[in-house]
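Enquirer: kindly return the folded structure for what I paste below:
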Amino acid sequence: MSAVDIQLGTPIQLYRCYFFDAQAHITDREDIRVKTHEEAVAEAAMLYAKRDAKLGFELWLGSNLIHSCPASPSRK
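Expert: Numbering: from 1, shown residues only. I've put the predicted structure just below:
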């Protein structure tokens, strides 16, 4: 689902960022609403950097994996 920036008419996309622990389990999720993949990755990286315990994160737009850091954790 997307909203539209009234001033620019640019769609705002809803990205989901999932954070993983050392066992590759999802520990948290943040919704990120921005216009571009680049903005979403930058926002996700900032949120990730503020976390204490971390293995990595994945950034999704709908069913599409946009970015993975450091790499997609293996899921068991």
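Enquirer: quick one: least confident helix or strand in this protein?
Expert: Of all helical and strand segments in the chain, the minimum by mean pLDDT, DSSP states H and E falls on strand 2-4, at a mean of 53.
Enquirer: beyond that strand, next helix or strand please.
Expert: strand 11-20 (DSSP states H and E).
Enquirer: which strands or helices does that next one pack on?
Expert: Other elements packing on strand 11-20 under the criterion 3 or more Cβ pairs under 8 Å, 6 or more residues apart in numbering; DSSP states H and E are strand 2-4, strand 26-34, helix 37-49, strand 56-61. Heads up, the C-betas are built off the backbone N, CA and C, glycines and all.
Enquirer: residue contacts, the closest residue to residue 60 other than its chain neighbours?
Expert: Leaving out its chain neighbours, the residue that sits closest to residue 60 by Cβ to Cβ, 6 or more residues apart in numbering is residue 16, at 4.8 Å. Applying Cβ atoms under 8 Å, 6 or more residues apart in numbering to residue 16 gives the contacts 29, 30, 31, 32, 59, 60, 61.
Enquirer: how does it look with 6 Å?
Expert: Residue 16 makes contacts with 29, 31, 60, as judged by Cβ atoms under 6 Å, 6 or more residues apart in numbering.
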